[in-house]
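A.B. asks: I'd like to go over a predicted model; first the sequence, then the structure.
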Amino acid sequence: MAHPTQLGFQDAASPVMEELLHFHDHALMIVFLISTFVLYIILAMVSTKLTNKLILDSQEIEVVWTVLPAIILVLIALPSLRILYLMDELDDPHLTIKAMGHQWYWSYEYTDYENLGFDAYMVPTQDLTPGQFRLLETDHRMVIPMESPTRVLISAEDVLHSWAVPSLGVKMDAVPGRLNQTTFMILRPGMYYGQCSEICGANHSFMPIVIEAVPLEHFENWSALMLEDA
């Protein structure tokens, strides 16, 4: 999760988020280089004779400022297309979960199991236990096995919502009457927090998402207990 005074993104917990962080650094370096070059040109024009008519009307300069941006766009487009390919639909996920947005909570249904589903409400501040986070903890967590490709089908019952978990590089709109999907794979065990990222009403800020990644055998024990309780 995020920390006070944190700069930058949260630590990546999925391969897609790792690629997004690398692409961010790659694009940011290009932006820095462009900004530095433009600032240098502006200062040179102010302090030297770069405003000479022969320079401003130069055919070579026009070619440079046409070709150079095209090269820069290619350098940005190629890695971004690679990430889009990695974020594409999974053919055979190990687990499929349906997430439904409501005003103002999430409900989850494990479609590979019969009668395995629950609602996840935010834990009120007065009910938090030591170690839990205010406005981020839920009474039921979405438990998934680590290192397993997971598909989440996302929709909404009432208004627009958005299912977002920053450390996984996941953000997908929940639209009433439409079924969107996103896929991810968590690389390490732990707790991963997110929130609804769509302004969906008065309690928009009270729709947290908590994902708990556990080893496969722990997930099987958890699912067996949930089915017994159901």
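C.D. replies: Thanks, I have it.
A.B. asks: Could I get the average pLDDT for the helix or strand hosting His24?
C.D. replies: Element membership for His24, per DSSP states H and E: helix 15-47. Helix 15-47 carries an average pLDDT of 89.
A.B. asks: try stretch 73-92
C.D. replies: On average, stretch 73-92 scores 85.
A.B. asks: And the helices in the protein, which stretches?
C.D. replies: Using DSSP state H, the helices assigned to the chain run over residues 15-47, 53-56, 59-86, 216-229.
A.B. asks: To Thr183, which of these lies closest?
C.D. replies: Using CB to CB as the measure, helix 15-47 is the one of the helices of the chain that comes nearest Thr183, at 8.4 Å. From N, CA and C alone the C-beta is placed, and that goes for glycine too.
A.B. asks: Show me which parts of the closest one are buried, residue by residue.
C.D. replies: Buried residues in helix 15-47, counted by 16 or more other CB atoms under 10 Å: Pro15, Val16, Met17, Glu19, Leu20, Leu21.
A.B. asks: Could I get the helices of the chain in TSV, plus columns for distance to Lys98?
C.D. replies: What follows is the helices of the chain, written out as TSV (distance: least, CB to CB, whole Å):
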stretch	distance to Lys98
helix 15-47	21
helix 53-56	61
helix 59-86	23
helix 216-229	15
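A.B. asks: show me where pLDDT drops low in this protein?
C.D. replies: Residue ranges of the chain with pLDDT under 70: 1, 49-58, 230.
A.B. asks: Break it down into its domains, please.
C.D. replies: The record's domain parsing of the chain by automatic domain parsing lists 15-86, 95-229.
A.B. asks: re earlier: please name every helix or strand in contact with the helix holding His24.
C.D. replies: helix 59-86 (3 or more CB pairs under 8 Å, 6 or more residues apart in numbering; DSSP states H and E).
A.B. asks: Could you tell me the angle between the helix it packs on and helix 15-47?
C.D. replies: Our comparison of helix 59-86 with helix 15-47, counting by axes from the mean of the first three to the mean of the last three CA atoms, to 10 degrees, yields an angle of 170 degrees.
A.B. asks: What residues of helix 59-86 count as buried?
C.D. replies: Applying 16+ other CB under 10 Å to helix 59-86 flags no residue as buried.
A.B. asks: circling back to that earlier point, would you mind finding the most buried of the domains of the chain?
C.D. replies: domain 95-229 (a mean of 17; mean count of other CB atoms under 10 Å).
A.B. asks: How far away from the center of its chain is that domain?
C.D. replies: Chain-centre distance of domain 95-229: 14 Å, with CA atoms, centre = their mean, to the nearest Å.
A.B. asks: From Gly190, how far out is the closest residue to Leu160 other than its chain neighbours?
C.D. replies: In space, Leu160 comes closest to Glu198 once its chain neighbours are excluded; the distance is 5.0 Å by CB to CB, 6 or more residues apart in numbering. Distance, Glu198 to Gly190, using CB to CB, to the nearest Å: 26 Å.
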